[in-house]
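> Can you look at this prediction? I've put the sequence above it.
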Protein chains: 2
Amino acid sequence: MLYIVPTPIGNLEDITYRAVRVLGEVDYIACEDTRSSGVLLKHYNIDTPTLSYHSHSGRAKLDKILDMLKNGKDVALISDAGTPGISDPGYALVSAAIEE
Amino acid sequence: MLYIVPTPIGNLEDITYRAVRVLGEVDYIACEDTRSSGVLLKHYNIDTPTLSYHSHSGRAKLDKILDMLKNGKDVALISDAGTPGISDPGYALVSAAIEE
């Protein structure tokens, strides 16, 4: 399953208990910038493997994530701040995941 | 200081770490319905004293809260679900607190 997880904009405490739980439970976290997200994940002691997925990621990376999902893996998508969606690379992934 | 604290709509996990910290640190929590909010507060082991403040609360109750604020007390305002604001009794309290 693909989880779209909102992350803090500015204050690390501005994240919900559900979001932190999901980030700790999934198999992979697809990050817009693994270094930026690393600060957040470290703060909450989350050691889930990360992979980068951003606006310059090609179709190969998108297919890799789709394959994970098809194989029953749980993946959380996060952006640098806020909710992944229309205005960032999340759009292509969410669209493709719905089509599959 | 008056804190306006958003609370979960349906899923108790949908509250931020900052919100839970603030609810635990303030002197009083003004609740739209102390019984509804009791479920949330108990879930997070928050034992801050509560007081009811809702659409049928009169000016006396509002003045009591304003007095607490003037005396340096910290009060968090929460509604039954979501963010207290325009469409609930929070409006009168926030307006009055700004005027003071």
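Looks like it came in fine. Keep in mind that this is a model prediction, so the values were computed, not measured. Residues are numbered from 1 along each chain as shown, chains lettered A, B, ... in the order given.
> contacts and neighbour counts: CA atoms only from here.
Will do.
> Surely residue A:85 is in contact with residue A:95?
No: judged on CA atoms under 8 Å, residue A:85 makes no contact with residue A:95 at a distance of 10.3 Å.
> Give me the nearest residue to residue A:54, chain neighbours excluded.
Leaving aside its sequence neighbours, residue A:54 sits nearest to residue A:32 (CA to CA, 6 or more residues apart in numbering or on different chains; 4.6 Å).
> The one you found and residue A:25, how far apart?
Plainly put, residue A:32 is 19 Å away from residue A:25 if you go by CA to CA, to the nearest Å.
> Am I right that residue A:14 is in a strand?
No: Residue A:14: not assigned to a strand; according to DSSP: H, G, I helix; E, B strand; the rest coil it is coil.
> Show me which helix or strand of chain A is least confident by mean pLDDT.
helix A:90-99 (a mean of 78; mean pLDDT, DSSP states H and E).
> got the contact list for that one?
A:2, A:54, A:62, A:66, A:77, A:84-85 (CA atoms under 8 Å, 6 or more residues apart in numbering or on different chains).
> ok so residue A:77 is a strand residue?
Yes: counting by three-state DSSP, residue A:77 is found in a strand.
> Quick check on residue A:20: phi, psi?
Residue A:20 adopts backbone torsions of phi -60, psi -40, taken as degrees, to the nearest 10.
> Excluding chain neighbours, what is closest to it?
Residue A:20 sits nearest to residue A:44 (CA to CA, 6+ apart), 7.4 Å away.
> any idea how far that neighbour lies from residue A:72?
25 Å.
> which helix is the longest one in chain A?
With secondary structure taken from DSSP state H, chain A has its longest helix at helix A:59-70.
> more neighbours, residue A:85 and residue A:95?
residue A:85 (17 against 10; other CA atoms under 10 Å in any protein chain shown).
> Check the secondary structure at residue A:3 for me.
Residue A:3 - assigned by three-state DSSP - is strand.
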